[in-house]
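Enquirer: Please find the sequence and the predicted model below.
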Amino acid sequence: MIKLTARQEQILNLIRDAIESTGFPPTRAEIAAELGFKSANAAEEHLKALARKGAIEITAGTSRGIRLLGERARANPAAAQSGTDFLPQVPAALLMQLPLIGRVAAGSPILAQENLEKTYSVDPALFSAKPDFLLKVRGESMRDVGIMDGDLLAVKKVDSAKNGQIVVARIGSEVTVKRYRRTGSTIELLPENPDFKIITVTPDDEFALEGLAVGLLRTWH
């Protein structure tokens, strides 16, 4: 049993709450702001202490590179956005079948037959909510939240989202993964990589939410 200080438990709860509400862990700056620290460096020191105790794993070079470990990861399956083989050792009868979406044909529904590459059998316990499909991630615009090119994003179909959630959105013929933010009537899609620009949805854009990210699968080659 890992012994943690009250502050460390508080930070773990904050990480858990962020994962449950948005699908992904908070940044150091967000932790500092929430807990009243003077700088993100203070949050970093607490995270390093948690990593030394084996409560979390930190991925260097990413602002949201935090993963819960052990019992806490099992209690929060969405947190295991994992670097492990996602094919689970569970009875076949308990697995769910998820279609994998590759490149989306212009003008077609995201689950149209021509967009389906294959079907995976996965353990539903891996996700924070039951997904409807997997989307193959292309590009590095969400790198700093740990979503990398080639990853499989588990997506639950929705037609609305809360600010801060990771969504799959369609703008015209393009499908993109971004963090959602709406202010009044203005919708912005935020990247998690400073090399990419914020996308502002205009009234003239054909815009639709295709789904909400509820987990991430990664295969190793």
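Expert: It's in. Numbers count the residues shown, from 1 in each chain.

Enquirer: Tell me where the protein has helices.
Expert: With DSSP state H applied, the chain shows helices at 6-22, 28-35, 40-52, 70-75, listed in chain order.

Enquirer: Pipe those helices into CSV and attach mean neighbour count, mean pLDDT and distance to Asp144 per row.
Expert: The C-beta positions use only the backbone N, C-alpha and C, and glycine is treated the same way. Putting those into CSV (neighbours: other C-beta atoms under 10 Å; pLDDT from 0 to 100; distance: least, C-beta to C-beta, whole Å) gives the following:
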stretch, mean neighbour count, mean pLDDT, distance to Asp144
helix 6-22, 16, 84, 14
helix 28-35, 17, 88, 11
helix 40-52, 16, 89, 14
helix 70-75, 13, 49, 21
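
Enquirer: Tell me which of those sits nearest to Tyr120.
Expert: The closest approach between Tyr120 and any of the helices of the chain, judged by C-beta to C-beta, belongs to helix 70-75 at 20.8 Å.

Enquirer: hmm, back to that, dump the helices of the chain to a markdown table, plus distance to Met142.
Expert: As requested, those are arranged in a markdown table below (distance: least, C-beta to C-beta, whole Å):
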| stretch | distance to Met142 |
| --- | --- |
| helix 6-22 | 12 |
| helix 28-35 | 16 |
| helix 40-52 | 20 |
| helix 70-75 | 21 |
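
Enquirer: out of the ones you listed, nearest to Glu206?
Expert: Relative to Glu206, the nearest member of these by C-beta to C-beta is helix 6-22, separated by 25.8 Å.

Enquirer: now the angle from the closest one to helix 28-35?
Expert: With axes from the mean of the first three to the mean of the last three C-alpha atoms, to 10 degrees defining the directions, helix 6-22 sits at 110 degrees from helix 28-35.

Enquirer: what does helix 6-22 contact?
Expert: Judged by C-beta atoms under 8 Å, 6 or more residues apart in numbering, the contacts made with helix 6-22 from elsewhere in the structure are 4, 24-26, 30-31, 34-35, 43, 46-47, 49-50, 53, 55-56, 66, 68, 72, 75-76, 78-79, 128, 162, 164-166, 179.

Enquirer: Kind regards, and thank you for your time.
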